[in-house]
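*Asks:* Just need the structure, nothing else, for what follows:
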Amino acid sequence: MPLLSRYVLIELLKVFLLALAALTLLIVLGGVVREALTQNLPLAQVVRLIPYILPDALRIAIPVTLLLAATNVYGRMAGANEVVALKALGISPWPILWPSLFVATLISFGAVWLNDLAVSWGRTGLQRVIVQSVEQIAYHMLQTQRRYSSHLLAINVEQVQGRKLIGPTISLLPRGNMPRITIRAAEAELSSDCEEGFLRIRLRKAKVNIEGGMSMEFPDEHEQMIPLTQATRSAPDPSKPSWLPLRQIQTEIEHQRQRIRLLREEISQEAALALFRGELDDLNSPTWQTRWQRLQEAESQLARLLTEPHRRWAAGFSCLCFVWVGAPMAIWLRHRDFLTSFFLCFLPILVVYYPLMIYGVDGAKSGTIPPWSVWAANVALILWGAWLLRKVFRY
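*Replies:* This next block holds a predicted model:
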């Protein structure tokens, strides 16, 4: 490697690694504090969250810190007239540009992997820690606030003595065909069984009221078991494409296409039978509306599955696109103050790139535009960077 290219590469990596460490630390601390406050996690469980938040923090920090490193290095070089000196000697700017683009390409592949890791392993692990900590979270909130609630469970107590809940009122919210259940007891105790996946509530002198007028009394002890995923305040949803690793998405796409094909065949057969019988009014019945709704939900799920790989690859290669724009713009601006170069470069990215990417992702997920439209934001940066490079090489 030529001396000039090696010098640029070393300077770029030094700034990038330093900035990455600082920004990642801030994002991890922010994520840990947010989850701790939202979930009321005890300190021991907060520490367990850090490895699962780290990939998410890195995928956010890497593109920004790469842009910062590129504007820092090339801004200083341009401000000190080093680029002008190279051109005066008849040397193209290419030897000082290709190291950053090469590194950004390698990092982009790593960023794709991090995007996949963050939304599959990281998010799943984060939820697993929270689910396994339901007992500690519930006791902590009951001791401090006298109440605890999740999306399907609500517990209110008069007081807490050690592990005993005095005068608890437990409400199991309605779901599907299950009615609302309200349990009042003299005492209760919580214990989580992570192996079985249940939160056990041992009740003494309990009275169970089921919505609709049915009630039961248990003068001695009664045990109520609730799935941990229903007892947690933030329930995971593994059916979402954003929770799936890339290696599973293609299989899910094939399954979803098969499901859509079967639903369409079923609707076609039932419609033909209704037309044959002359029962056209049945086509507007609630049964038909339910069938159409299932088909629409399946098509929406397929659109989200088709979008997800494009979203992760496009987000990963934003690293290369940011450097592709940042390096020539820093040379063109010729500001020795790297913060000025960084913000002058990052502001258009903030105004153009992110809204365009959000629009592409939302439109692709809804099925109104093709999944590859997610790359529109990257293409915009590539065109902008090409225009800047042309100016750098020409002048």
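
*Asks:* now the strands for the stretch 201-350 of the chain?
*Replies:* For the stretch 201-350 of the chain, applying DSSP state E, counting those that start in this stretch gives strands covering 214-227.

*Asks:* Count residues in the vicinity of His151, would you?
*Replies:* Around His151 there are 14 other residues, counting by other CB atoms under 10 Å. From N, CA and C alone the C-beta is placed, and that goes for glycine too.

*Asks:* helix, strand or coil for it?
*Replies:* Secondary structure, DSSP: H, G, I helix; E, B strand; the rest coil: His151 is coil.

*Asks:* Low-confidence bits of the stretch 151-300 of the chain, can you list those?
*Replies:* Scanning the stretch 151-300 of the chain for pLDDT under 70 picks out the ranges 176, 233-239, 274-285.

*Asks:* where along it do the helices fall?
*Replies:* Using DSSP state H, counting those that start in this stretch, the helices of the stretch 151-300 of the chain run over 228-231, 246-277, 286-316.

*Asks:* nearest to Ser133, of these?
*Replies:* helix 228-231 (9.8 Å; CB to CB).

*Asks:* Quick one: the helices of the stretch 151-300 of the chain as JSON lines, columns for mean neighbour count and distance to Lys240 too.
*Replies:* Formatted as JSON lines, the helices of the stretch 151-300 of the chain follow (neighbours: other CB atoms under 10 Å; distance: least, CB to CB, whole Å):
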{"stretch": "helix 228-231", "mean neighbour count": "20", "distance to Lys240": "14"}
{"stretch": "helix 246-277", "mean neighbour count": "13", "distance to Lys240": "11"}
{"stretch": "helix 286-316", "mean neighbour count": "18", "distance to Lys240": "8"}
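
*Asks:* now these as JSON lines including distance to Tyr74?
*Replies:* Below are the helices of the stretch 151-300 of the chain laid out as JSON lines (distance: least, CB to CB, whole Å):
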{"stretch": "helix 228-231", "distance to Tyr74": "50"}
{"stretch": "helix 246-277", "distance to Tyr74": "33"}
{"stretch": "helix 286-316", "distance to Tyr74": "23"}
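
*Asks:* ok, for the residue most central in space within the chain, nearest residue in space, not its chain neighbours?
*Replies:* Ranked by distance to the mean C-alpha position of the chain (CA atoms, centre = their mean), the top residue is Val119 at 5.3 Å. Closest residue to Val119 apart from its sequence neighbours, by CB to CB, 6 or more residues apart in numbering: Ser242 at 5.2 Å.
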